[in-house]
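A.B. asks: Fold the following.
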Amino acid sequence: MFDALTEKLGSALSKLTRRGALTEADVTAAMREVRVALLEADVALPVVKDFIAKVTEKAVGESVIKSVTPGQMVVKIVHDELVTMLGGDPNSQEMPTLGGAGIDLAAPVPVGVLMVGLQGSGKTTTTAKIAKRLQEKERKRVLLVSLDTYRPAAQEQLAILGRQVNVVTLPIVAGEKPEAIARRGLDEARKGGFDVVIYDTAGRLTIDDAMMGEVETVRDIVKPHETLLVTDAMIGQDAVVTAKSFNEKIGITGIVLTRVDGDARGGAALSMRAVTGRPIKLIGVGEKVDALDTFDANRIAGRILGMGDIVSLVEKAAANIDHEKAEKLAARMQEGKFDLNDMLSQLQQIQRMGDMKGLLGLIPGIGAAVKQIDQSKLDPKAFKRQEAIIQSMTPKERRVPDLIKASRKQRIALGSGVTVADVNKLLKQHQQMESVMKRMKKMGGLGALLGGGGMPGMGGMPKMPGGMPGRGGFPFGKR
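C.D. replies: Model (predicted):
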């Protein structure tokens, strides 16, 4: 979502970091570019004005202009102000928490969570995502209650999603009014010993008095501990207007931004906290029921400024990697062994972690690699094709790739729906990786990997310009 903003802010701030000394005029010129970048990203004008004023005041101070690295000092000031704008504490020394539900559960059970928002914002899907998150991460027993009696099959949709995430939903009673459903849901949650009950309210295409009146009535019945506004990041400034209206009339406790993985300009996220005074608690990063992340101001600010988000990368790895398989693979690599079964296992582990471009964006200082992938038009289905090729081999061929000659290659290509050239390419990549493993064994550790090697699906490991600090280049490029 923040790609365009990241590029423009990076361009403006890099002009400062390349200079040995800064003048007030240099800072003013850079802030002018930052201002334009924020406005083009759809950040609210009052928020932009306040942000630029605070950054400029600090950036033209004598301690910055006369410091050893003034450009880096300005970047830090911009980062800290972004964190503050997003509702975080730039001076916090606490490490970001891995996982976490993002929902305040500090209330007597059953804890009520009221989901509000306009129709089409992804409210029902988000309700199921939060229920899954609470049940799996917080070990809470959750009840889902649909109050949407207007949109066709809305209640059935929540029931289906509930079954998908293995969460109990309140049985549907035809013709029952939202207020009665809310009372029945609360009563069932108390009787059934549920820890959390989530109410999915009806939305409209636009804010109107009837919708607000109904939500107010339901709110007064269930007395929720959390009232979460679900809003689509793709609608830009309209999302900010929606948040402001709901906060004034209903009183929200937090915001959930959906479709953050889309090509929205990012201004809604930057404006939301400043305009409403309410925190963004969760962000939807995909359509799958587990595609929900806790919002962390420090980490989002780091992403915007191209600093990456290594904590999110660790979270993805922890959640998706099969540790037993990873340990076995690591042990084989230490012994210098790496057959096509190992390569298949590695391919499957990588795919479970998600989109490669998204993963690269989480790594500090790796923006150039993301651009390389865009320019080379990397086929996102490459991993699947390579997996199909290996699965079309016999168990013996996977263990002893040297057996695979011309006739076998033709059979494998036919079985996986690719060309012989694709099979040859995969075998060559395996040979490169196998040689790296053998070299690593001789050198007694991971030091051998720093000079080169390969990763399945990425066409080898040439060194990136400048590389990654301490890594001697990053293994994602194109020969």
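A.B. asks: Please enumerate the strands of the stretch 1-150 of the chain.
C.D. replies: All strands of the stretch 1-150 of the chain, identified by DSSP state E, counting those that start in this stretch, fall at 111-116, 142-146.
A.B. asks: wait, is residue 227 part of a strand?
C.D. replies: Yes - under DSSP: H, G, I helix; E, B strand; the rest coil, residue 227 sits within a strand.
A.B. asks: Let me see the residues that make contact with stretch 397-416.
C.D. replies: Here stretch 397-416 makes contact (Cβ atoms under 8 Å, 6 or more residues apart in numbering) with 339-341, 344, 385, 388-393, 396, 419-420, 422-424, 427, 430-431. In short, each C-beta sits where N, CA and C put it, glycine included.
A.B. asks: Can I get the strands of the stretch 1-150 of the chain in CSV including mean neighbour count, distance to residue 415 and mean pLDDT?
C.D. replies: Listed next are these as CSV, based on neighbours: other Cβ atoms under 10 Å; distance: least, Cβ to Cβ, whole Å; pLDDT from 0 to 100:
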stretch, mean neighbour count, distance to residue 415, mean pLDDT
strand 111-116, 26, 48, 92
strand 142-146, 26, 44, 93
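A.B. asks: Can you check which of these gets nearest to residue 201?
C.D. replies: When the strands of the stretch 1-150 of the chain are compared for distance to residue 201 using Cβ to Cβ, the nearest one is strand 111-116, at 5.4 Å.
A.B. asks: what's the closest one packed up against?
C.D. replies: The contact analysis (3 or more Cβ pairs under 8 Å, 6 or more residues apart in numbering; DSSP states H and E) places strand 111-116 against helix 123-137, strand 196-200, helix 209-222, strand 226-232.
A.B. asks: if we look at it, which residues are touching it?
C.D. replies: Identification of contacts with strand 111-116 by Cβ under 8 Å, 6+ apart yields 103, 105, 123, 126-127, 130, 186, 195-201, 203, 215, 218-219, 222-230, 246, 250, 252.
A.B. asks: Report the angle between that strand and strand 226-232.
C.D. replies: Per axes from the mean of the first three to the mean of the last three Cα atoms, to 10 degrees, the angle that strand 111-116 makes with strand 226-232 is 30 degrees.
A.B. asks: May I have stretch 196-204 exported as PDB, CA atoms only?
C.D. replies: Taking Å, rounded to 0.1, in the frame of the first residue of the first chain, the C-alpha atoms of stretch 196-204 are listed here in PDB:
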ATOM      1  CA  VAL A 196     -15.700 -13.300  23.800                       C
ATOM      2  CA  VAL A 197     -18.800 -12.500  21.700                       C
ATOM      3  CA  ILE A 198     -18.400 -10.600  18.500                       C
ATOM      4  CA  TYR A 199     -21.400  -8.800  16.900                       C
ATOM      5  CA  ASP A 200     -21.300  -8.100  13.200                       C
ATOM      6  CA  THR A 201     -23.600  -5.200  12.600                       C
ATOM      7  CA  ALA A 202     -25.300  -4.200   9.300                       C
ATOM      8  CA  GLY A 203     -23.700  -1.600   7.000                       C
ATOM      9  CA  ARG A 204     -25.000   0.700   4.400                       C
END
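A.B. asks: tell me the mean pLDDT over the top helix by length along the chain?
C.D. replies: Identified as the longest helix of the chain according to DSSP state H is helix 420-443. Average pLDDT, helix 420-443: 80.
A.B. asks: in it, what's buried?
C.D. replies: By neighbour count on 16 or more other Cβ atoms under 10 Å, the buried set for helix 420-443 is 422-423, 426-427, 429-430, 432-440.
A.B. asks: Can you give the contact residues for stretch 238-247?
C.D. replies: Outside stretch 238-247, the residues that reach it (Cβ under 8 Å, 6+ apart) are 44, 116-118, 207, 229, 231-233, 235, 252, 255, 257, 268, 271-272, 275-278.
A.B. asks: Weed out the non-buried ones from those.
C.D. replies: Neighbour counting over the contacts of stretch 238-247 (16+ other Cβ under 10 Å) leaves 44, 116-118, 229, 231-233, 235, 252, 255, 257, 268, 271-272, 275-276, 278 as the buried ones.
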